[in-house]
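Trainee: sequence and predicted model, in that order:
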Amino acid sequence: MVSRLLGRKLGMTQVFDDRGRCFPVTVIEAGPCTVTQVKTEKNDGYPALQISFGKRRAKNVSKSELGHLIPKGDLKDDERRKALDRQLKEVKETFEILREIPWDGKDDVKRGDRLDVSIFDNFKKIDVIGTSKGRGFMGVVRRWGFHGLPATHGQSDRERAPGSLGRQHSISQGVYPGKKMAGHWGHEQVCAKNLDVVKIQKDKNLIFVHGAVPGPTGGLVLLKEPHWVAPKVSTVVSKKQKAAAKK
């Protein structure tokens, strides 16, 4: 079963239900995606699918990638090279992005098949993976929410300083790894888990999910099946609960 799809974040809006309640939703253009390669257990050692999304100029793509996308056929090396050069000149547009997704190998999927938003018809929740907005170099106050140092007692310009970082002794190991410090913030892969599917428009390949999705407007995202699991209920019984049970 294919349960992943590439898409583009179009922006946020709001929808109303039958009771008049307002919900913030993110609109995502999910697909259509074209299958560019089918990997099997026999040929590649594991089953997977390579899908593509979007369009861009062919002149901005390397010949090796274009050669991978254009079907080669059963030709000899010289004939295949000539046919490839001829096709490279004729192709004006190609796919914007390629991604490999896991696949159980049970469905009959072939190269050239198109996957659209209808694969999420039976899903009430999905996960969305995107690249968060890059904020550049940020200090500890904005990056980690530090309070900063007081402006009194001789402190003139330390309101947004991080404070001490490590011990200055012979037994010190310096600054420990993972210390919260100033640095680059954002532009990293983020997964928004367990988002409710509010509405699907198949004719426009749009899916409306409840809440926010990582990334800027126009950013590429990956939609997949949800993997969020509810935490287990604690079995620890407190003293108050034991006393109440005895009464």
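Mentor: In hand now; what should we look at? Numbering: from 1, shown residues only.

Trainee: after the helix or strand bottoming out on mean pLDDT in the chain, which helix or strand is next? Please name it.
Mentor: Every helix and strand in the chain was compared by mean pLDDT, DSSP states H and E; the lowest is helix 77-90, with a mean of 72. Past helix 77-90, further along toward the C-terminus, the next helix or strand under DSSP states H and E is strand 93-94.

Trainee: that next one - contacts with which helices or strands?
Mentor: strand 56-57, helix 63-69 (3 or more C-beta pairs under 8 Å, 6 or more residues apart in numbering; DSSP states H and E). For every residue, glycine as well, the C-beta is placed using N, CA and C.

Trainee: and the ones you listed as JSON lines, adding distance to residue 1, mean pLDDT and mean neighbour count?
Mentor: Compiled in JSON lines, the helices and strands packed on strand 93-94 are given as follows (distance: least, C-beta to C-beta, whole Å; pLDDT from 0 to 100; neighbours: other C-beta atoms under 10 Å):
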{"stretch": "strand 56-57", "distance to residue 1": "30", "mean pLDDT": "84", "mean neighbour count": "12"}
{"stretch": "helix 63-69", "distance to residue 1": "25", "mean pLDDT": "76", "mean neighbour count": "14"}
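
Trainee: let's have the ones you listed in CSV, adding distance to residue 87.
Mentor: Converted to CSV, these look like this (distance: least, C-beta to C-beta, whole Å):
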stretch, distance to residue 87
strand 56-57, 15
helix 63-69, 8
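
Trainee: and residue 132, which of these is closest to it?
Mentor: strand 56-57 (23.2 Å; C-beta to C-beta).

Trainee: the closest one pairs with which strands?
Mentor: Strand 56-57 sits in its sheet next to strand 93-94 (antiparallel), going by DSSP bridges.

Trainee: in stretch 181-200, which residues are buried?
Mentor: By neighbour count with 16 or more other C-beta atoms under 10 Å, stretch 181-200 contains the buried residues 182, 185, 192, 195, 197, 198, 200.

Trainee: do stretch 83-102 as well
Mentor: 87, 94, 95, 96, 98, 99, 101.

Trainee: show me the contacts for the residue nearest to the spatial centre of the chain.
Mentor: Taking C-alpha atoms, centre = their mean, the centroid of the chain lies closest to residue 129, which sits 1.8 Å from it. Each residue near residue 129 by C-beta atoms under 8 Å, 6 or more residues apart in numbering is listed here: 189, 190, 191, 192, 214, 221, 222, 224.

Trainee: equivalent analysis for residue 215, please.
Mentor: Taking C-beta under 8 Å, 6+ apart, one finds 9, 130, 131, 132, 133, 190, 221 in contact with residue 215.

Trainee: where does this structure dip in pLDDT?
Mentor: For the chain, the stretches flagged by pLDDT under 70 are 70-77, 167-172.

Trainee: mind checking the end-to-end distance for stretch 20-36?
Mentor: End-to-end span of stretch 20-36 (C-alpha to C-alpha, to the nearest Å): 44 Å.

Trainee: so which helix or strand takes in residue 26?
Mentor: Element membership of residue 26 [criterion: DSSP H and E] is strand 22-30.

Trainee: which helices and strands sit right next to the least confident helix or strand of the chain?
Mentor: Against helix 77-90 (3+ C-beta pairs under 8 Å, 6+ apart) you get helix 63-69.
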